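>>> Model the following, please.
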Amino acid sequence: MRGVESSWSIVHRVTVPGDTLISGSKYLHLCSLARGGMGEVTLAVRQEGGFRRLYAIKRLHDLYQDDVDFRKMFLDEARLAGMVRHRNVVAVLDVGEDDGGPFQVMEYVEGPSVHKLLGRLGKNAERLPAQLALDIVAQACRGLHAAHELRSPEGDTLHLVHRDVSPQNLLIGFDGGVRVTDFGVAKALGQSTQTESGVLKGKMGYMSPEQLRFREIDRRSDLFAIGVVLFELLTGRRLYSGKGGRSGPLQ
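Presented below is the predicted three-dimensional model:
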């Protein structure tokens, strides 16, 4: 895609390896990829056995390092995402804690998010072909279905709900694959950290009516959200107006 620098070009420009990101590991810091509400994702390279491979490493913000609830939430995300094995879900390869707090080592997806794609299309006054929009959403739905059907080692359905399906959390790889990421506010049966009553989890412009009303939700809330994403891909505009898409959902 035009305007997107290959991450390997970043690797080749790095002449001095960065700091080690995980104590006792060979993951070397390259650059920051993204910052979210709970943490930061960093691009790292691991050099071993004569080859180099890129990874995305996620850590909690320093602000939450000493917060027991946030640490549990972070580890819940890693545990849940790591159990979902599907080509349309970003793979969590390792999880643990060191002197810097809890961390996740994830598959690195080279390519933009749907959010960035929409931004570029809007800037250039272009419209995404309908077939491509449908393919992006169909792949995301396959990943979500794998998460929704997730079972415990005992065979019990976990009733996993992502709760934050949005353009920011859908990644489009240069290999053509679409992957769902960021299970930071996901909810599953038996999750160790319970949702605080009266606190919305996710992005308001993509929430289902029942989620906005603090009612019990299931996989249908994720389907509502992916439907909003499809609308935006097909029309090139937000379904709900206002900053963050706040005005429509509340009406």
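
>>> what ranges do the helices span in the stretch 151-251 of the chain?
Secondary structure of the stretch 151-251 of the chain, counting by DSSP state H, counting those that start in this stretch: helices at 209-212, 219-235.

>>> Mind putting these into CSV with distance to Tyr27 and mean neighbour count?
(Each C-beta comes from the backbone N, C-alpha and C, glycine too.) Listed next are these as CSV, based on distance: least, CB to CB, whole Å; neighbours: other CB atoms under 10 Å:
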stretch, distance to Tyr27, mean neighbour count
helix 209-212, 36, 16
helix 219-235, 31, 19
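
>>> Can you say which of those helices is nearest to Leu128?
Smallest distance to Leu128 across the helices of the stretch 151-251 of the chain (CB to CB): 5.5 Å, for helix 219-235.

>>> Give me the contact list for that closest one.
With CB atoms under 8 Å, 6 or more residues apart in numbering as the test, helix 219-235 has contacts from 114, 118, 128, 130, 133-134, 136-137, 140-141, 144, 148, 159, 161-167, 170, 202, 205-211, 238-239.

>>> low-scoring stretches of this protein, by residue?
Within the chain, the stretches with pLDDT under 70 are 1-25, 184-185, 188-201, 242-251.

>>> coming back round to it: could the helices of the stretch 151-251 of the chain go into TSV alongside distance to Gly122?
Output for the helices of the stretch 151-251 of the chain, formatted as TSV (distance: least, CB to CB, whole Å):
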stretch	distance to Gly122
helix 209-212	26
helix 219-235	10
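
>>> Out of these, the one nearest His29 is which?
That would be, of the helices of the stretch 151-251 of the chain and by CB to CB, helix 219-235, which comes in at 31.9 Å.

>>> what comes up buried for the lengthiest helix in the chain?
Using DSSP state H, we find that the single longest helix of the chain is helix 130-148. By neighbour count on 16 or more other CB atoms under 10 Å, the buried set for helix 130-148 is 133, 136-137, 139-141, 143-144, 146-148.

>>> Make TSV from those residues and add distance to Ser32 to it.
Formatted as TSV, the buried residues of helix 130-148 follow (distance: CB to CB, whole Å):
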residue	distance to Ser32
Ala133	30
Ile136	26
Val137	29
Gln139	27
Ala140	25
Cys141	30
Gly143	25
Leu144	27
Ala146	29
Ala147	27
His148	32
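
>>> can you count the residues close to the closest residue to Arg151 other than its chain neighbours?
In this structure, Arg151 finds its nearest non-sequential neighbour in Thr157, 5.6 Å apart by CB to CB, 6 or more residues apart in numbering. Each residue near Thr157 was counted by other CB atoms under 10 Å, and the total is 12.

>>> between the helices of the stretch 151-251 of the chain, which one is nearest to Arg53?
Among the helices of the stretch 151-251 of the chain, helix 219-235 sits nearest to Arg53 (CB to CB), with 30.2 Å.

>>> what is the orientation angle of the closest one with helix 130-148?
160 degrees (axes from the mean of the first three to the mean of the last three CA atoms, to 10 degrees).

>>> Give me the distance from helix 219-235 to the chain's centre.
16 Å (CA atoms, centre = their mean, to the nearest Å).

>>> what do you get for stretch 106-120?
Put simply, stretch 106-120 sits 10 Å off its chain's centre (CA atoms, centre = their mean).

>>> okay, how far is it across it, tip to tip?
26 Å (CA to CA, to the nearest Å).

>>> List the buried residues for it?
106-109, 111-114, 116-118.

>>> Could I get those in a markdown table, plus columns for distance to Ala78?
Below are these laid out as a markdown table (distance: CB to CB, whole Å):
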| residue | distance to Ala78 |
| --- | --- |
| Met106 | 9 |
| Glu107 | 13 |
| Tyr108 | 16 |
| Val109 | 17 |
| Gly111 | 23 |
| Pro112 | 24 |
| Ser113 | 20 |
| Val114 | 23 |
| Lys116 | 25 |
| Leu117 | 27 |
| Leu118 | 28 |
